[in-house]
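Asker: Starting from these lines, generate the structure:
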Amino acid sequence: MFEFRWKIPGDSPEDVVLHIRSWSGWLGRKQLTVGARTVFRRGWLEGIEARFADRDGALRFELRMLPISGTADWRPALFCDGRELPETSGTKPPRVVRPPNSLAIPVSVTYLLMLLAVIMSPQIGKMLDAFYLHYDDRKLVLKVADPNAAEAELSIGPPQLSAAVQGEPYSVLLEVVGGTPPYTWSPVNHAWPKGVSLDAASGELTCTPGYPHDYVFSVKLADSAREPETVERTFALVVLPSLAPGSDWPMIATMSLPPAKVGEPYEFNVQFEGGLPPYTWRTLGKAKLPKGVSIERGSGKIHGTPQKAGEYPVTIRVIDDTYAASRDVVPWLIPFVVTALCLLGYVGMRRWSVLLYGLVIIVQVVLAVAGVLPSSTTALGIQIGLWLVGAPHLPKMR
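Answerer: Prediction:
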């Protein structure tokens with residue numbers, strides 16, 4: 001507790017009292033009173049500066065913070081109409097011990113990295129999932145037909161494309177049902193994948209996939225009798241990896257979805273192999289299954305009653321949930337909290353921060369060796385390094 005007093009001059013003198021509820025330093029709750037009147041109550045991180053008047057409003061006062069010459073310390077000073085009033089209690093202001101650059105710079109850099117880690121925590125979880133989570137994606141197209149619609153005079157086949165293999169040349173000749181030759185083929189450019197070619201006269205699709213990444217694209221077909229009218233068809237081309245993944249990775253075996261009809265119940269179990277249970281299924285991106293149809297998260301069953309005809313490209317993912325990013329994050333939580341607390345002590349040059357930091361590090365090592373507490377070796381190494389930065393400054397701390 002710190003208390004500073006000033007006496008207001010005049011016929012009815014009053015005391016101006018500044019209370020700071022703090023064991024040391026300027027961090028603490030603050031209250032300024034003039035006689036029985038409270039001028040302000042402020043929190044831990046708020047300053048003491050203020051302007052106010054006496055009871056009659058005749059005198060103007062200003063409370064400031066002034067540096068103490070030759071030191072890093074500051075003192076409160078009360079001014080009346082520009083003239084400093086003497087402090088009557090004789091209370092020594094809190095002593096400020098500034099950390100040297102050899103300590104301040106590592107602490108500042110560490111706090112900056114910790115702040116970035118907090119801000120990027122959602123992205124860190126996604127990165128860990130990308131590295132360690134076992135999953136497989138498959139792009140498929142669900143075609144929903146209207147049973148009451150007349151049969152089209154011109155349409156595109158086959159109903160599905162055979163799978164391509166990463167790094168191997170692939171070609172398939174698209175088929176035509178009905179119409180009058182010659183035919184003209186063209187890509188729908190807004191979603192045409194790079195590296196896939198379509199012959200305008202024959203309808204031959206060719207590509208050499210460089211990555212095991214499925215393609216979804218649409219083609220247009222016009223015949224000589226109906227030109228410029230065209231029909232469109234959306235395809236999903238599955239690209240298999242050149243090397244089969246290990247048995248601990250799930251792999252979707254389904255290459256295409258059977259067609260559905262508007263207003264009729266639809267049910268299909270997506271087939272897969274490998275991986276370890278439990279599994280989670282979901283669709284990715286903005287493309288969704290038709291309204292009324294969904295995929296069960298636990299089984300991979302696509303079911304429902306579609307309400308609208310059309311072609312619905314969708315990306316389906318199966319996830320082997322045996323990995324959880326939390327198991328790699330939890331060992332960092334205690335070091336993170338302890339480091340944030342003790343580095344505050346470093347900034348204030350407090351001896352307890354070095355002593356507490358060292359004690360907690362020893363406890364973590366003991367518990368980690370005993371297998372009681374999961375701990376990250378990297379996190380322990382960082383803590384030990386920061387402790388070694390602060391330990392040489394222990395004699396100068398308060």
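Asker: The residue most central in space within the chain and Val329, how far apart?
Answerer: Residue closest to the average C-alpha location in the chain (CA atoms, centre = their mean): Pro122, at 2.0 Å. Taking CB to CB, to the nearest Å as the measure, Pro122 falls 11 Å from Val329. Heads up, the C-betas are built off the backbone N, CA and C, glycines and all.
Asker: same question, Ile382
Answerer: Distance from Ile382 to Val329, by CB to CB: 15 Å.
Asker: Glu229 now?
Answerer: Taking CB to CB as the measure, Glu229 falls 57 Å from Val329.
Asker: What of Ile361?
Answerer: Distance from Ile361 to Val329, by CB to CB: 20 Å.
Asker: Repeat that for Gly10.
Answerer: Gly10 sits 64 Å away from Val329, going by CB to CB.
Asker: Ok, Leu198 next?
Answerer: Relative to Val329, and taking CB to CB, Leu198 is found at 47 Å.
Asker: neighbour-wise, which of those two wins?
Answerer: Leu198 (18 against 15; other CB atoms under 10 Å).
Asker: from what I can see Gly25 touches Val347, true?
Answerer: No. If you go by CB atoms under 8 Å, Gly25 and Val347 don't touch, sitting 10.3 Å apart.
Asker: Which strands and helices lie in contact with the helix or strand that contains Gly345?
Answerer: Using DSSP states H and E, Gly345 sits within helix 326-347. The contact analysis (3 or more CB pairs under 8 Å, 6 or more residues apart in numbering; DSSP states H and E) places helix 326-347 against helix 101-119, helix 121-132, helix 351-370, helix 377-390.
Asker: Those helices: lowest mean pLDDT?
Answerer: Lowest mean pLDDT within the helices and strands packed on helix 326-347: helix 121-132, at a mean of 87.
Asker: on contacts alone, who are the packing partners of it?
Answerer: helix 326-347.
Asker: Go again with 6 Å.
Answerer: Here helix 121-132 touches no other helix or strand, going by 3 or more CB pairs under 6 Å, 6 or more residues apart in numbering; DSSP states H and E.
Asker: Give me the below-cutoff pLDDT ranges for the stretch 101-250 of the chain.
Answerer: Residues of the stretch 101-250 of the chain that meet the criterion pLDDT under 70 lie in 159, 245-247.
Asker: Where do the strands of it begin and end?
Answerer: Taking DSSP state E, counting those that start in this stretch as the test, the strands found in the stretch 101-250 of the chain are 134-145, 154-157, 164-165, 170-173, 175-178, 183-187, 197-198, 204-207, 215-223, 231-237, 239-240.
Asker: Those strands: which one's closest to Arg29?
Answerer: Nearest to Arg29 among the strands of the stretch 101-250 of the chain is strand 134-145; the distance by CB to CB comes to 52.5 Å.
Asker: and for that closest one, what are the contacting residues?
Answerer: The contact list for strand 134-145 (CB atoms under 6 Å, 6 or more residues apart in numbering) reads 214, 216, 234, 236, 249-252, 257, 259-261, 275, 290, 306, 309-313, 315-320.
Asker: Next, the angle from it to strand 215-223.
Answerer: Angle between the axes of strand 134-145 and strand 215-223 is 20 degrees (criterion: axes from the mean of the first three to the mean of the last three CA atoms, to 10 degrees).
Asker: Strand 134-145 vs helix 121-132, what angle?
Answerer: Per the same axes, to 10 degrees, the angle that strand 134-145 makes with helix 121-132 is 90 degrees.
Asker: Can you give the strand pairings for strand 134-145, parallel or anti for each?
Answerer: When pairing is defined by DSSP bridges, strand 134-145 lines up against strand 260-261 (parallel), strand 310-320 (antiparallel).
Asker: what's the closest of those strands to Pro94?
Answerer: Closest approach to Pro94 among the strands paired with strand 134-145 (CB to CB): strand 310-320, 55.7 Å.
Asker: what mean pLDDT would you report for that closest one?
Answerer: For strand 310-320, the per-residue pLDDT averages 94.
Asker: got the buried residues for it?
Answerer: By neighbour count on 16 or more other CB atoms under 10 Å, the buried set for strand 310-320 is Glu311, Tyr312, Pro313, Val314, Thr315, Ile316, Arg317, Val318, Ile319, Asp320.
Asker: Considering these, which is situated nearest to Leu78?
Answerer: Using CB to CB, the buried residues of strand 310-320 come closest to Leu78 at Ile319, 66.5 Å.
Asker: Would you agree the closest one is in contact with Thr280?
Answerer: Yes. Contact criterion CB atoms under 6 Å: Ile319 and Thr280 qualify, at 4.5 Å.
Asker: How is this protein divided into domains?
Answerer: 2-85, 97-132+324-398, 134-320 (automatic domain parsing).
Asker: Span of the last one from start to end?
Answerer: Terminal residues of domain 134-320 are spaced 5 Å apart (CA to CA, to the nearest Å).
Asker: is the closest residue to Pro76 other than its chain neighbours in a bridge, and if so with what?
Answerer: Closest residue in space to Pro76, ignoring its immediate chain neighbours: Phe4 at 5.3 Å, by CB to CB, 6 or more residues apart in numbering. Beta-bridge pairing for Phe4 (DSSP bridges): Leu18.
Asker: which residues touch stretch 120-128?
Answerer: The contact list for stretch 120-128 (CB under 6 Å, 6+ apart) reads Ala325, Asp328.
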